[in-house]
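Asker: I would like the atomic coordinates for the input below:
(2 chains)
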Amino acid sequence: MAATTTAGAEALHRLKLTEPPMYLTPSSELANLARTASEHLFTLLKPYTPKSPFDRLLVDEKFDAEQIWQQIDLQSQPLISSVRRQVNKFEKDPLEVNNMFKIGESVQEKPSEVVLAGEEEEDDEDEDEDEDGNEDEDEDEGEREIKERDAGDVGDMFFNEEEMKLMEDDEDGDYGLNKKKQVLKKTGGKFGDEDEDEDGDGDEEEEDDEDDELGLLELAGEEDDSEAEEIMYDDFYTSNKKHDQNKKPKVNKEVKDINMRDDEEHEDSDIGDEDGEEDVDEDDDDDDIVSDEETKKDNLSTHEKHLLEQRAKIEQVERENLEAKAWTMQGEVTATKRPKNSALGEDLDWERNVKPPPVITEEVSQSIEELIMKRISEGHFDDVQKVNKLPSKAPREMKELDENQSKKGLGELYADEYAQKTGLVSQALSFSDEQKKEASLLFKRLCLKLDALSHFHFTPKPVIEDMSIQTNVPALAMEEIAPLAVSDAAMLAPEEVFSGKGDIKEEAELTQTDRKRRRASKKRKFKAENAKKMAKKPRENTQTAGDGKEE
Amino acid sequence: MQSNKGAASMEVEETVATETKTVAKPNFKPLTAHEVSDGQVQFRKIPVPRHRYTPLKKAWMDIYTPIYDQMKIDIRMNVKTRNVEMMTRRDTPDVSNLQKCADFVHAFVLGFDVIDAIALLRMDELYVDSFEIKDVKTLKGEHLSRAIGRLSGKGGKTKFAIENSTKTRIVIADTKIHILGSFSNIKVARDSLCSLIMGSPAGKVYSKLRAVTARLAERF
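Answerer: Prediction:
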């Protein structure tokens, strides 16, 4: 214990001695010192925190800053509340203080008091540096106030009432980070270098500008003796006040400068602070100022940037609506109403049922040529085959006119005719040519053989309109001459034989009325003919007269 | 025939005679041509033009033989008067033979061939019809010549076509046309010839002929 305490005190001492710029560069030695110092302090405070879960502060190499802080916090929170209670008690009853501290024994306890106070303040400072530093700050301030009110002669080297008042006044008028820093620096100067740089660094790194400002706002709001003006939105977010402008870049620069260094302890906080830095940029947005646009844009909040974009979009759309529409949006458009060849550029949507034309490549033409050569070698052409129609009608039997002098004499001709008429010589249906006879005979023989192949099961022949000469001969006579194949259907039909006109009844069959009717019809015909003749005759007479004149 | 009839009548008479005595019907032999004309001989004279003189000389025996032998008519050629004279004999069987022979010779003289003219002797109903081109249409000069050419055709093929289709014989003697054949055939031939004279082309005439001949053939 003694060794550790001495080590810890020594570490503290050394930390105090090191100059602030040394803290800018990361050094493991300083880190170790800080660890031992904080451990020492922790152990010192231990007796006053009965409920602390830690016996000692765990500050091994593997614990990072966050964890150490948390431990400290765990210890200090209940401590603060107890201290507050104590202070309230002393406030009510100042005499208690003496009793509490036992002035007689104050010599021993002073260093502890000092230490305690210092530690408390340091812890308070530490707590200030926490991210939820607002309350801490409030507490801090409250504490200070209380302290101030409490004992006018609690004036020691650590606390100066007047300085505090000054700080408060400053904060009324100006709530920039600089002032706070100034305050901090002041306080830091008072305390020496004890954890001040550390705190300061932590302070700068960990807190957001937003939080800081909010905190400052609250600070400013909560001050009773406020010459504070009414704080308005415009004070923060408009560009009219130049001081803000001046401040912000400086702030940013400083923040950036600080952020340049890469400390082990503050890695996370560095990252956190970079984000915070961006927030810093966004928070200060000034819409109206045209000059310094970059800085303004940098300083816009997300919401306001979003608003800007929307406004721009709205304006663009409104402009478009006022103008005339493009031709593609104008319903039915003829060629005259749009620029030349503009339809080619547009992607028109209609169904095109046309196959795209084939792309003629080397292979395509090669294949075509191959096909052509193959076809030629085979002799397989796509010629149009003539389709022969079945003859629906039999070709008319044209009786050929013999243009040669007849060899037979006229007498012989008539003799032959007479012979045929009377039936002395039976002649078959005559062909016009001997060769035709021969040909038909050959064909008949062939057909017979072919029919034998199908066992004489004939398919019916297609009906061919046969224009043959129908002889008006009684069927009996015909049947003798005609071959078996000729049926009665080839004969004349009854209506062709007798159509029903003319005198049906014979003379002998006529009745009296019939006779009278016949006579009457005859007379009528005769009269009609006579009338025609009479009509003709004058014409003839005139004609002859005309001829006579001419001659 | 008469004897038979006579015998039959005789038989009848005999039978009749046996029953009753009636007067026998007279039974006469048919009169010969000579007797019809009361014993007078009939003559026919046919003048022969110069251009037919030589053909007559050549075909004389063909003419003479059937007339004299079968028709039983005397025929002679009077060279001085250039006539063919015909006379009936006593044994001429029929009165009309003389006329037939006269027509036959007349036909030959007109220009018909003997074998064609002979048909007149064999058939009764054959006639010779003659007409002139000017009867149909008045044609002069070249038109006339062309009409004659149209009638006969190239090598006479049109004429022959008509002849063969209508069973007639046609003689075109300069402007005179003679047709020999039966009455209806003559008519058809005459119509076709007239259409040719009038100017219709041969093809048209042919088609008409075909239709006509088909109809003529139906008659059987």
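Asker: Can you name the residues of chain B sitting close to chain A?
Answerer: B:113, B:115-116, B:118-119, B:121-123, B:126, B:153, B:156-158, B:160-161, B:163-165, B:167-169, B:180-182, B:206, B:209-210, B:213-214, B:217-218, B:220 (C-beta under 8 Å from any C-beta of the partner chain). (C-beta placed from N, C-alpha, C; glycine too.)
Asker: In PyMOL, how would I select the buried members of these?
Answerer: The following PyMOL line selects those of those that are buried, judged by 16 or more other C-beta atoms under 10 Å in any protein chain shown:
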select buried, chain B and resi 113+115+116+118+119+121+122+123+126+153+156+157+158+160+161+163+164+165+167+168+169+180+181+182+206+209+210+213
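Asker: What residue, apart from its backbone neighbours, is nearest B:Met87 spatially?
Answerer: Excluding its sequence neighbours, the residue lying closest to B:Met87 (C-beta to C-beta, 6 or more residues apart in numbering or on different chains) is B:Asp74, at 4.3 Å.
Asker: swap in A:Gly411?
Answerer: Distance criterion C-beta to C-beta, 6+ apart; nearest residue to A:Gly411, sequence neighbours excluded, is B:Ala119 at 3.3 Å.
Asker: Show the contacting residues for that neighbour.
Answerer: For B:Ala119, the contact set (C-beta atoms under 8 Å, 6 or more residues apart in numbering or on different chains) comprises A:Gly409, A:Leu410, A:Gly411, A:Glu412, A:Leu413, A:Tyr414, B:Leu126, B:Leu180.
Asker: Out of the residues you listed, which is nearest to A:Lys165?
Answerer: Closest approach between these and A:Lys165, by C-beta to C-beta: A:Leu413, at 170.7 Å.
Asker: Can you verify my assumption that the closest one contacts B:Lys167?
Answerer: Yes: contact status for A:Leu413 versus B:Lys167: in contact at 5.5 Å, counting by C-beta atoms under 8 Å.
Asker: Max pairwise distance over the contacts of B:Ala119: which two?
Answerer: Using C-beta to C-beta, the pair of these lying farthest apart is A:Glu412 and B:Leu180, separated by 13.8 Å.
Asker: Could you say which helix or strand holds the residue nearest to A:Gly411?
Answerer: Using DSSP states H and E, B:Ala119 maps to helix B:114-122.
Asker: Quick check: next helix or strand after that helix?
Answerer: Downstream of helix B:114-122, the next assigned helix or strand under DSSP H and E is strand B:126-132.
Asker: Check which residues of the following helix or strand past that next one are buried.
Answerer: Where DSSP H and E defines the elements, the next helix or strand beyond strand B:126-132 is helix B:133-136. Burial within helix B:133-136, assessed by neighbour count using 16+ other C-beta under 10 Å, is assigned to B:Ile133, B:Val136.
Asker: Helix B:133-136 packs against which elements?
Answerer: With contacts taken as 3 or more C-beta pairs under 8 Å, 6 or more residues apart in numbering or on different chains; DSSP states H and E, helix B:133-136 sits against helix B:142-152, helix B:183-198.
Asker: Identify all contacting residues around that helix.
Answerer: B:Leu139, B:Leu144, B:Ala147, B:Ile148, B:Thr175, B:Lys176, B:Ile177, B:Cys194, B:Ile197, B:Met198.
Asker: how many neighbours does A:Ala452 have?
Answerer: Counted by other C-beta atoms under 10 Å in any protein chain shown, the residues lying close to A:Ala452 total 9.
Asker: Report the residue spans of the chain with pLDDT below the cut-off.
Answerer: By default, I'm working from chain A. Flagging of chain A using pLDDT under 70 yields the residue ranges A:1-5, A:96-97, A:100-156, A:173-229, A:239-297, A:396-399, A:426-432, A:462, A:465-492, A:540-551.
Asker: hmm, I had chain B in mind actually
Answerer: In the predicted model, chain B carries pLDDT under 70 at residues B:1-20, B:33, B:218-220.
Asker: Strands of that one, residue ranges please.
Answerer: For chain B, applying DSSP state E gives strands covering B:43-47, B:73-78, B:83-88, B:126-132, B:169-173, B:176-182.
Asker: okay, the ones you listed in a markdown table with distance to A:Glu61 next?
Answerer: Formatted as a markdown table, these follow (distance: least, C-beta to C-beta, whole Å):
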| stretch | distance to A:Glu61 |
| --- | --- |
| strand B:43-47 | 175 |
| strand B:73-78 | 178 |
| strand B:83-88 | 176 |
| strand B:126-132 | 159 |
| strand B:169-173 | 154 |
| strand B:176-182 | 157 |
